[in-house]
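> Structure here, sequence nowhere to be found:
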């Protein structure tokens, strides 16, 4: 005896809706500039601390804050425009997102910085944001560190907030996993 079953399934439009995440360059590149300005404003004190250690024979500086300031200042001075470090962070994260299997089905769109990228705001991105639910992703560059903070803001079509923000921190590969878990809805539902 053979039993055959036929299942006819109709998927709702939501089942095929792509998840959109906008990488908000306006925030990311400007945040890098502000972070570098802050670190560079503390550099003179950090250098003075190192000199005092040497002058008084206290050995090597064992203060993590001083070491972090000096490493951050060196990184900030390594580029012509410190906003480039924010773009570098975006690129590192995009590379990590591209190879993260948890990101399948999620579309990442860079929302250009109107001045840094030239050309003003993107009318195409604006139109998409008006029509579709999406996440805005902000990256918080930390000078001299491979780890950074990130925050995602959920939005309905029309750019209306749609729930609480979600944030985390880590290296590019860790952040990519975290971001895709949130965007795909595979993590906990936050209400």
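Noted; the coordinates are in hand. From a predicted model like this one, the values you see are computed outputs, not experimental measurements. Numbering: from 1, shown residues only.
> alpha carbons only for contacts and neighbour counts from here, please
OK.
> by contact count, what packs against the top helix by length along the chain?
Ranked by residue count, the top helix of the chain under DSSP state H comes out as helix 25-55. Helices and strands touching helix 25-55, by 3 or more CA pairs under 8 Å, 6 or more residues apart in numbering; DSSP states H and E, are helix 64-77, helix 83-99, strand 106-111, strand 134-140.
> taking the ones you listed together, which one is wrapped up most tightly?
strand 134-140 (a mean of 24; mean count of other CA atoms under 10 Å).
> any residues touching that strand, and which ones?
Surrounding strand 134-140, the residues in contact under the criterion CA atoms under 8 Å, 6 or more residues apart in numbering are 19-25, 27-28, 31-32, 86, 89-90, 148-157, 183.
> before we move on, the earlier item: will you turn the helices and strands packed on helix 25-55 into a markdown table that also has mean pLDDT and distance to residue 44?
Shown next, in a markdown table, are the helices and strands packed on helix 25-55 (pLDDT from 0 to 100; distance: least, CA to CA, whole Å):
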| stretch | mean pLDDT | distance to residue 44 |
| --- | --- | --- |
| helix 64-77 | 96 | 9 |
| helix 83-99 | 98 | 21 |
| strand 106-111 | 97 | 36 |
| strand 134-140 | 98 | 24 |
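> Identify whichever of those lies nearest to residue 172.
helix 83-99 (4.9 Å; CA to CA).
> quick one: the closest one to helix 25-55, angle?
110 degrees (axes from the mean of the first three to the mean of the last three CA atoms, to 10 degrees).
> switch to numbering from 32
Will do, 32 is the new start, and the previous item becomes helix 114-130.
> and the longest helix of the chain, what's its mean pLDDT?
If you average the pLDDT over helix 56-86, you get 95.
> So for it, what gets flagged as buried?
Within helix 56-86, the residues that qualify as buried by neighbour count (16 or more other CA atoms under 10 Å) are 56-64, 66-67, 70-71, 74, 77, 81.
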